[in-house]
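A.B. asks: got a structure for you, letters missing:
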């Protein structure tokens, strides 16, 4: 695919395809001189990134094998700063796991409904 189209990223809607396409590139890289890894993301991950979601806290890009850094740079995302933030989160969790918001906290949080959304049946 790299030779034919030279894409910045490959998108798929299926998370199984994301994993298979991302991880299968590792085998090709075992051959001397092969560096054809292409970032593979789900459409949801890519859309979230485009809308400003955190690449590690939300999109979980650190689990991917192919180098996604050039893509983030092209999208104007400072991945080094976002990684530093993510590492800071991990340090806080190690020091005091109760100091962060839990799922129970999130479920209990009361967010006033947006009147415009209510008019359309949403929150």
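C.D. replies: Right, received. Where do you want to start? Computed from a prediction, not measured in an experiment: that's the story for all the values here.
A.B. asks: identify all contacting residues around the longest helix along the chain.
C.D. replies: Among the segments of the chain that qualify as a helix by DSSP state H, the longest is helix 79-95. If you take C-beta atoms under 8 Å, 6 or more residues apart in numbering as the criterion, helix 79-95 is touched by 54-57, 62, 68-69, 72-73, 99-100. Any C-beta I mention is one placed from the backbone N, CA and C, and that applies to glycine too.
A.B. asks: for that helix, give the mean pLDDT please.
C.D. replies: Here helix 79-95 scores 88 as its mean pLDDT.
A.B. asks: what residues sit buried inside it?
C.D. replies: Buried residues in helix 79-95, counted by 16 or more other C-beta atoms under 10 Å: 79, 82-83, 86.
A.B. asks: for this structure, what helix or strand is lowest in average pLDDT?
C.D. replies: Here the helix or strand of the chain ranked lowest by mean pLDDT, DSSP states H and E is helix 103-108, holding a mean of 56.
A.B. asks: and the closest residue to residue 58 other than its chain neighbours, how many neighbours does it have?
C.D. replies: Nearest non-adjacent residue to residue 58, counting by C-beta to C-beta, 6 or more residues apart in numbering: residue 48, 5.9 Å away. When neighbours are defined as other C-beta atoms under 10 Å, residue 48 has 16 of them.
A.B. asks: helix/strand/coil for residue 48?
C.D. replies: helix (DSSP: H, G, I helix; E, B strand; the rest coil).
A.B. asks: surely it and residue 60 touch.
C.D. replies: No - in this structure, residue 48 is not within contact of residue 60 by C-beta atoms under 8 Å, at 10.1 Å.
A.B. asks: which phi and psi does residue 12 have?
C.D. replies: Residue 12 adopts backbone torsions of phi -140, psi 150, taken as degrees, to the nearest 10.
A.B. asks: tell me the pLDDT at it?
C.D. replies: In this model, residue 12 carries a pLDDT of 92.
A.B. asks: residue 52 and residue 64, how far apart?
C.D. replies: 19 Å (C-beta to C-beta, to the nearest Å).
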